[in-house]
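# only geometry, no sequence info:
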């Protein structure tokens, strides 16, 4: 539910020089409306086939967690050591398994980056505005390579 909050209130008064009465001429209120938005990320089904090749549950858990914590409109995931440890505890996985999963996700082209600074491939997953995603894809030319086995 949106909450309205009055930021400023301005009243302009004029004093009648003959009677000494104060007359309110104008009242102005600036109101800021803050809304709570749901956490979300979008999945682009046309390119999701690379997820089907994931063989380990830890890879899927980490990918979903990355999508959840990704920065809005950038897809960046910053993962300093304390955050990494906390995620491992939440997901009930070992830190060594997390490192292996991150490598596999990078190899599949689902994420990019290294050393605690990652980016989710916006061709497949996105958390933000469509126009920002389109611009990012246009500028960086990010893509996904799919390998089909027969």
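Perfect, thanks for sending it. Everything numeric here is computed off the predicted structure, so don't read it as measured data.

# Who are the contact partners of the closest residue to residue 120 other than its chain neighbours?
Nearest residue to residue 120, sequence neighbours excluded (C-beta to C-beta, 6 or more residues apart in numbering): residue 75, at 4.3 Å. Backbone N, C-alpha and C define where each C-beta goes, glycine included. Contact analysis of residue 75 by C-beta atoms under 8 Å, 6 or more residues apart in numbering lists 119, 120, 121, 122, 125, 126, 127, 128, 136.

# Apply 6 Å and report the result again.
119, 120, 122 (C-beta atoms under 6 Å, 6 or more residues apart in numbering).

# Switch those residues over to TSV; also include secondary structure, distance to residue 52 and pLDDT.
Shown next, in TSV, are these (DSSP: H, G, I helix; E, B strand; the rest coil; distance: C-beta to C-beta, whole Å; pLDDT from 0 to 100):
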residue	secondary structure	distance to residue 52	pLDDT
119	strand	22	91
120	strand	18	88
122	coil	20	84
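
# ok, the residues you listed vs residue 132, which is closest?
residue 122 (9.0 Å; C-beta to C-beta).
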